[in-house]
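**Q** below are the sequence and a predicted model for it; my questions follow.
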Amino acid sequence: MARSGDGGVQTVARALAVLGCFRTGEEQGISELARGVGLPVSTTHRLVTALVDAGFLEKNPESGRYRIGGALAEYGQIAYRQHKVYLVEPHLEQLATTTGASASVAIRHGNDAVLLGTSRWREAEGHRLQGLRLPLHASALGRALLAWSAPSDDELARLPFTDATDRAPADPAELAKELALTRERGWAFNDEELAEGFRTIGIPVLDRDGRPRFALGLRGTTELMIPERVPFFVDLAKITAAEIGGVLLP
């Protein structure tokens, strides 16, 4: 027998799943959302209507499709303040200006690294929105967060080894080797494992107990991040990571 309130919890979970479909930054139609969450179109429409009423989604009058609403922008600003991202941005901009790459800071959320802040978009990437949620196993930011958290074999086995190119670790054993190498050299490296033509350096931002609270990423094209430049970029990123730690950590 279902416990009282289970239906409400299920509805909330479904609504959150609908919101999760907008992480790419693209507008969505009802049919697309229904397929994405595996629900009937009628159920999806009711959920979307409730989300629109709450301001979490809005309907584009020109396209008739749905996009993130203003209420979430408000919550985003609250998170922006609570995580002190505004204090980090000058350091990200300085690193990006010096290197010509894109700099970002992230935290771990479940099986992903989630970007809290990033430097302004660079011409190398145009106006395409870089993913704000990156898989731990295939991203430099994710591996920087994983390597210093001493994950167990079971934890690695639970990770979904998806959303990456064939250059990324394909199973827990390969990932464990990469994490050991990451700890040994002191930084993580993504060599076209999430997107062809791009490399990323990941540096952990550790608290006083040595736990990875944040990670700093420096992302650039393969033409910019040639092997000869990587050590120089790593040194600059480590300096910035230390500065960010001084700002974000007590």
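**A** Okay, I see it.
**Q** now do the domain split for the protein, please.
**A** 6-71, 83-248 (automatic domain parsing).
**Q** pull the distance from the shortest one to the chain's centre.
**A** Computed by Cα atoms, centre = their mean, to the nearest Å, the separation of domain 6-71 from the middle of its chain amounts to 21 Å.
**Q** so which of the domains of the chain is the most surrounded?
**A** domain 83-248 (a mean of 18; mean count of other Cβ atoms under 10 Å). Glycine gets a C-beta too; all of them are placed from N, C-alpha and C.
**Q** quick one on the thing from earlier: export the domains of the chain to CSV and append columns for distance to residue 77 and mean pLDDT.
**A** Supplementary listing: these in CSV, determined by distance: least, Cβ to Cβ, whole Å; pLDDT from 0 to 100:
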stretch, distance to residue 77, mean pLDDT
domain 6-71, 11, 91
domain 83-248, 10, 91
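**Q** next one: the longest helix seen in the chain to chain centre, how far?
**A** Ranked by number of residues, the top helix in the chain under DSSP state H is helix 230-248. Computed by Cα atoms, centre = their mean, the chain-centroid distance of helix 230-248 equals 19 Å.
**Q** who does it touch, helix- and strand-wise?
**A** Helices and strands touching helix 230-248, by 3 or more Cβ pairs under 8 Å, 6 or more residues apart in numbering; DSSP states H and E, are helix 85-99, strand 102-109, strand 198-206, strand 212-221.
**Q** which strands or helices does the second one pack on?
**A** Yep, that's strand 102-109 we're talking about. Packed on strand 102-109, when contacts are counted by 3+ Cβ pairs under 8 Å, 6+ apart, are helix 85-99, strand 112-118, helix 140-147, strand 212-221, helix 230-248.
**Q** mind putting these into JSON lines with distance to residue 170?
**A** What follows is those, written out as JSON lines (distance: least, Cβ to Cβ, whole Å):
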{"stretch": "helix 85-99", "distance to residue 170": "30"}
{"stretch": "strand 112-118", "distance to residue 170": "18"}
{"stretch": "helix 140-147", "distance to residue 170": "14"}
{"stretch": "strand 212-221", "distance to residue 170": "22"}
{"stretch": "helix 230-248", "distance to residue 170": "24"}
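**Q** relative to residue 26, which of those is closest?
**A** Residue 26 lies closest to strand 112-118 among the helices and strands packed on strand 102-109, at 17.1 Å (Cβ to Cβ).
**Q** output the closest one in PDB with nothing but the alpha carbons.
**A** Extracted as PDB, the C-alpha positions of strand 112-118 are listed here (Å, rounded to 0.1, in the frame of the first residue of the first chain):
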ATOM      1  CA  ASP A 112      28.200  15.400 -12.300                       C
ATOM      2  CA  ALA A 113      30.400  18.500 -11.900                       C
ATOM      3  CA  VAL A 114      28.200  21.600 -12.000                       C
ATOM      4  CA  LEU A 115      29.600  24.900 -13.100                       C
ATOM      5  CA  LEU A 116      28.900  27.700 -10.600                       C
ATOM      6  CA  GLY A 117      30.700  30.400 -12.700                       C
ATOM      7  CA  THR A 118      32.600  30.900 -15.800                       C
END
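**Q** quick one: strands adjacent to it?
**A** strand 102-109 (antiparallel), strand 133-135 (antiparallel) (DSSP bridges).
**Q** what lies in contact with that strand?
**A** Applying Cβ atoms under 8 Å, 6 or more residues apart in numbering, the contact partners of strand 112-118 are 79-80, 83, 85, 88-89, 92, 102-108, 130, 132-136, 139, 141-142, 145, 214-215.
**Q** what about 6 Å?
**A** Contact partners of strand 112-118, identified using Cβ atoms under 6 Å, 6 or more residues apart in numbering, comprise 83, 85, 88-89, 104-107, 132-134, 139, 141-142, 145.
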